[in-house]
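Asker: next come a sequence and a model predicted from it.
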Amino acid sequence: MTRPADTTSSGLRVALAQMAPSTSRSESMQRAVAAIEDAARQHARLVILPELFLSPYFCQTENPALFSLAEPVPGPATEELVRVARTHGISIVASLFEERAPGLYHNTAAVIDPTNGYLGKYRKMHIPDDPLYSEKFYFAPGDLGFKVFETAGLRVGVLICWDQWYPEAARLTALMGADLLVYPTAIGWHPYEKDSHGKAQHAAWETMQRSHAVANGCFVAAVNRFGFEPTAEGGSHPEGIEFWGQSFLAGPDGVIRQKAPVDAAAVLTVPLDLSEIREQRHGWPFFRDRRVDAYGDLSRRFLDRDTS
């Protein structure tokens, strides 16, 4: 068994495993296991895999045959990852296509501990429906609420991709005591609009997550896939998504500590000093100054002027 990393704050390391899945489930799992092993060699205590890492991003099209990719959670994938976690002494966050029942599926992240095995799961709460992101066809919205798991010496708040754009999700998870918000991710450019919108789209994505780190005084990790994945069907434009990689971890001050490349696999191992959370929140005490008595309208869809 790989020797666990130090338990002191200075020895706490988190790994971001940026990868490109294969069309073969077994090959995708092999790539993930290789990344986990690499993270363990770098003395990481936690490794985060990208969203839906066992296959290409199938949500580009609406195809009922692709429901065959789903599996129970816990199930075969979590069983294999439990064995890997125990062998290498490392915790894992793994995003999976969950079959809950015939006709009922979720985009789900499982959390695995090297000692206690499968700890539980988070089901993606916000489900997008955009060109080439037809997730509402495949996934029901999560119904487990926001979740924090204790593993690897951390309180890990697990969210998934489209959840990244919602400050409410980050805030509620941080209020549950998360030291680290993790976002397994599958995001990229449509090739035909990359030149006109690509720079702004990526900047918005990165800025949004850095803002979660600042507003909540915690660490934030986004772990993306990379590479071009074509759709199964042609079209008038180059059909597919160029996943933009650039996985990163931001500190409680919002500063990016490490970032992966655009177009290559990478296992980034980043040291975390949890004392930074306390220091940041003492300097910017946003939790103290929240007007919790004034936020009731956040539960409304929109504040219409005409309520008749």
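Answerer: Received, thanks. Source: prediction; values computed, not measured.

Asker: residue 229 against residue 55, yeah?
Answerer: No. Shown here, residue 229 and residue 55 do not form a contact pair, counting by Cβ atoms under 8 Å, at 10.0 Å. In this view, the C-beta of every residue, glycine as well, is placed from N, C-alpha and C.

Asker: so for the two, which sits in the more crowded spot?
Answerer: Taking other Cβ atoms under 10 Å, residue 229 and residue 55 do not tie; residue 229 has more neighbours (21 against 16).

Asker: identify the spatial nearest neighbour of the more buried one, chain neighbours not counted.
Answerer: Spatially, and ignoring its direct neighbours in sequence, residue 229 is nearest to residue 56 (5.0 Å; Cβ to Cβ, 6 or more residues apart in numbering).

Asker: likewise for residue 105?
Answerer: Ranked by Cβ to Cβ, 6+ apart and with sequence neighbours excluded, the top spatial neighbour of residue 105 is residue 70, at 5.3 Å.

Asker: measure that neighbour to residue 55 for me?
Answerer: Residue 70 sits at a distance of 10 Å from residue 55 (criterion: Cβ to Cβ, to the nearest Å).

Asker: what touches both of those two?
Answerer: By the contact definition Cβ atoms under 8 Å, 6 or more residues apart in numbering, residue 70 and residue 55 are jointly contacted by residue 97.

Asker: now do the residue nearest to residue 105, the pLDDT please.
Answerer: The pLDDT attached to residue 70 in the predicted structure is 98.

Asker: that one and residue 101: what is the separation?
Answerer: As judged by Cβ to Cβ, residue 70 and residue 101 stand 11 Å apart.

Asker: and those two? which has more neighbours close in?
Answerer: Ranked by neighbour count (other Cβ under 10 Å), residue 70 and residue 101 place residue 70 first, with 20 against 7.

Asker: wait, what's in contact with the more buried one?
Answerer: With contact taken as Cβ under 8 Å, 6+ apart, residue 70 is in contact with 97, 98, 99, 105.

Asker: one more time with 6 Å, if that's ok
Answerer: By Cβ atoms under 6 Å, 6 or more residues apart in numbering, residue 70 lies in contact with 97, 99, 105.

Asker: by neighbours, which of those wins?
Answerer: Ranked by neighbours (other Cβ under 10 Å), the contacts of residue 70 are led by residue 97, which has 24 neighbours.

Asker: name the SS class of it, please.
Answerer: Following DSSP: H, G, I helix; E, B strand; the rest coil, we place residue 97 in the strand state.

Asker: in this structure residue 226 contacts residue 243, no?
Answerer: Yes. The pair residue 226 / residue 243 is scored as a contact, 5.2 Å apart, by Cβ atoms under 6 Å.

Asker: phi and psi next, for the residue nearest to residue 144 when sequence neighbours are not counted.
Answerer: In space, residue 144 comes closest to residue 123 once its chain neighbours are excluded; the distance is 5.1 Å by Cβ to Cβ, 6+ apart. Phi and psi for residue 123, reported as degrees, to the nearest 10, are phi -100, psi 130.

Asker: what about residue 123, how many residues nearby?
Answerer: Should you count by other Cβ under 10 Å, residue 123 turns out to have 23 residues around it.

Asker: so for stretch 158-177, first residue to last residue, what's the gap.
Answerer: End-to-end distance of stretch 158-177 (Cα to Cα, to the nearest Å): 12 Å.

Asker: all helices of the stretch 51-200 of the chain, in order?
Answerer: Taking DSSP state H, counting those that start in this stretch to define them, one finds helices in the stretch 51-200 of the chain at 76-88, 135-138, 167-175, 194-216.

Asker: contacting residues around stretch 194-201?
Answerer: Outside of stretch 194-201, the residues that reach it under the criterion Cβ under 6 Å, 6+ apart are residue 189.
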